[in-house]
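Trainee: The sequence and its predicted three-dimensional model are supplied below.
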Amino acid sequence: MAVDFEISSLSGTGTATIRVKPKAVNTEQTLKEQVLKVVVQGVEREVTLIQKGKPQVVETWKPFLTISPDSDSYTFDGTKRLEIWEILVYSYEQKYIGGEPQEEYRALDWTVENSLDWLNITKEIGEGNNAGKLTVKTLSYNNEYEASTYNPKERSGVIRIVSQAGTKDITIKQSPGKRTTE
């Protein structure tokens, strides 16, 4: 007699269909197996019935790093100083259970790497999946010029946002300033 399965007709003559179904949902994470022996005209056959176990629930956290506006570069006016560009930084992890996203978030710390002495950068960290804010400000006019012609030239560099979720490089430029002659 099957312990974990309901089995239709156990005896009969002629063509027959044997229907088998589990008695209950398998809430364990192991397989349930049972061997069903069928005898037809003296010939014995064995059929193994298997009921899969409850899938293992896997909890994972997926990291995200995005910025808004989503841009790889920004250009300031070289004839002005103290210009400001604000960027929203989303650096967080989202919880997934069994591959399905959940409405649970936790913030990931992020930093900014900057070696440009003509910029001032400040940051505010967001909580959960709320954006933090990065403020980039020029400190001076662009007074760089070509040595041979004294023509103003553009200056540029890269700032890098670094998080456990990855990195984002942004090229910051300042257009040429004005040529001044004395």
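Mentor: Everything's here; your move. Numbers count the residues shown, from 1 in each chain.

Trainee: tell me what the longest strand anywhere in the chain is packed against?
Mentor: Ranked by residue count, the top strand of the chain under DSSP state E comes out as strand 84-97. Other helices and strands packing on strand 84-97, by 3 or more C-beta pairs under 8 Å, 6 or more residues apart in numbering; DSSP states H and E, are strand 59-68, strand 100-107, strand 132-138, strand 155-163. C-beta here means a position set from N, CA and C on the backbone, and glycine is covered the same way.

Trainee: and that strand, which residues are buried?
Mentor: 85, 87, 89-94 (16 or more other C-beta atoms under 10 Å).

Trainee: I'd assumed Arg106 was in contact with Trp61.
Mentor: Yes - the pair Trp61 and Arg106 qualifies as a contact (C-beta atoms under 8 Å) at a distance of 7.4 Å.

Trainee: Show the subsequent helix or strand relative to the helix or strand of the chain with the lowest mean pLDDT.
Mentor: Confidence across the helices and strands of the chain bottoms out at strand 5-7, with a mean of 78, counting by mean pLDDT, DSSP states H and E. Sequence order places strand 20-22 as the next helix or strand after strand 5-7, per DSSP states H and E.

Trainee: Quickly run through the sheet partners of that next one, with directions.
Mentor: The pairing partners recorded for strand 20-22 under DSSP bridges are strand 5-7 (antiparallel).

Trainee: Show me which positions of the partner strand end up buried.
Mentor: For strand 5-7, by 16+ other C-beta under 10 Å, it's Phe5.
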